[in-house]
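In: Just a sequence and a predicted model for now, questions to come.
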Amino acid sequence: MPNTPTFVLVHGAFANSFSFAPLQAELGLLGHRSVAVDLPGHGFEATFPAAYQAPQDLPALAAEPGAIKGVTLADNVARVIEALERAGRNGPTVLVGHSRGGATITAVANARPDLVDRLVYVSAWCPVDLAVGDYYAEPEMADVDPTAFASSLLANPAELGLLRTNFRTADPTALAAFKEAFAADLTDDEFRTFLNTFQPDENLDAGTEADRAKAATWGTVPRTYVRLAADTSMPPAVQDRMIREADALTPGNVFDVHTLEGSHLRWLVHPGPAAAVLAGLAGS
């Protein structure tokens with residue numbers, strides 16, 4: 001069907017295409033085509049050192065090189081553009097970003113708005129007035145502790161050239177912090193299952209001021225924001241701020257806004273409501 005869109009799904013930090021499997025199954029059952037992209041250094045390109053297995057060798061894990069070192073936002077953009085070029089041969093494309101994936105889809109639309117028929121942000125970074133990192137100093141992020149996971153962060157990121165987190169920790173304090181931030185409304189088994197899809201490494205480049213949304217390119221693409229009402233890692237206040245900033249940047253092309261109940265990860269574990277929203281956009 002040449003007018004049926006392909007949903008191109010872009011994951012967030014420490015995640016990969018695997019996390020979209022339940023959503024893709026639901027979309028498929030609703031009759032929709034989708035593809036989940038692994039950004040460079042993610043999925044089967046990720047580094048899982050032997051020291052990450054049990055029993056863990058934390059000093060060795062802290063020193064082990066990672067394939068994601070040196071990966072940039074520009075590399076992520078190139079990977080997504082490649083997927084869009086291929087998907088676009090089959091009809092329209094809807095580019096969906098979650099969490100840190102929002103920075104990637106914003107940069108993609110800055111560079112190649114011709115490849116995107118609609119942007120969808122799901123509790124995702126949409127940097128407009130500030131670079132992504134600068135929002136953490138703003139009032140809307142006051143209740144988010146960026147050092148909450150310090151006990152699970154291994155090595156000095158500047159020295160290792162990447163962020164490495166021990167998601168396989170058994171430390172109850174660290175696990176409680178992870179769950180509170182990402183998945184407070186999941187069962188413990190659901191939470192641990194999702195945690196085991198994460199990879200230990202993430203790249204350091206989340207973009208600069210040069211990667212903020214640009215009215216002349218990004219601003220020409222129709223866009224949707226899916227708010228997650230109980231997200232504690234990206235609170236609704238900062239989601240709403242980015243929506244306001246974007247709408248002020250391009251008042252003639254504003255966000256179509258939807259709200260889903262749940263945490264940062266619930267929509268991926270229980271994807272029915274999110275899939276219904278996306279299916280509703282397919283004909284728009």
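Out: Cool, got the structure. None of these values were measured; they are calculated from a predicted model.
In: Provide the backbone phi and psi angles at residue 124.
Out: When read as degrees, to the nearest 10, the backbone of residue 124 gives phi -120, psi 150.
In: hang on, isn't it packed against residue 104?
Out: No. Taking contacts as CB atoms under 8 Å, residue 124 lies outside contact range of residue 104: 9.1 Å. C-betas here are computed from N, CA, C, even on glycine.
In: Overlap of the contact sets of the two?
Out: Residues touching both residue 124 and residue 104 (CB atoms under 8 Å, 6 or more residues apart in numbering): residue 97.
In: residue boundaries of the helices in the stretch 1-150 of the chain?
Out: In the stretch 1-150 of the chain, the helices defined using DSSP state H, counting those that start in this stretch lie at 21-29, 58-63, 73-87, 101-111.
In: any idea how far the last one is from the chain center?
Out: Okay, so that is helix 101-111. Centre-to-centre, helix 101-111 and its host chain are 11 Å apart (CA atoms, centre = their mean, to the nearest Å).
In: again, but for stretch 118-138
Out: How far stretch 118-138 lies from its chain's middle: 11 Å, per CA atoms, centre = their mean.
In: can I have that stretch written out in CSV, keeping just the CAs?
Out: Taking Å, rounded to 0.1, in the frame of the first residue of the first chain, the C-alpha atoms of stretch 118-138 are listed here in CSV:
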residue,chain,number,x,y,z
ARG,A,118,5.5,13.3,10.7
LEU,A,119,7.6,13.5,13.8
VAL,A,120,6.4,11.8,17.0
TYR,A,121,8.1,12.5,20.4
VAL,A,122,7.2,10.1,23.2
SER,A,123,8.4,11.7,26.4
ALA,A,124,11.4,12.6,24.3
TRP,A,125,13.9,15.5,24.2
CYS,A,126,12.9,18.2,21.8
PRO,A,127,15.5,20.9,22.3
VAL,A,128,14.4,24.3,21.2
ASP,A,129,15.5,27.1,23.5
LEU,A,130,18.4,25.1,25.1
ALA,A,131,20.7,22.2,24.4
VAL,A,132,19.5,19.0,26.0
GLY,A,133,22.0,19.1,28.8
ASP,A,134,21.1,22.6,29.8
TYR,A,135,17.5,21.7,30.6
TYR,A,136,18.8,19.8,33.6
ALA,A,137,19.5,23.1,35.3
GLU,A,138,16.0,24.4,34.7
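In: Noted, bye for now.
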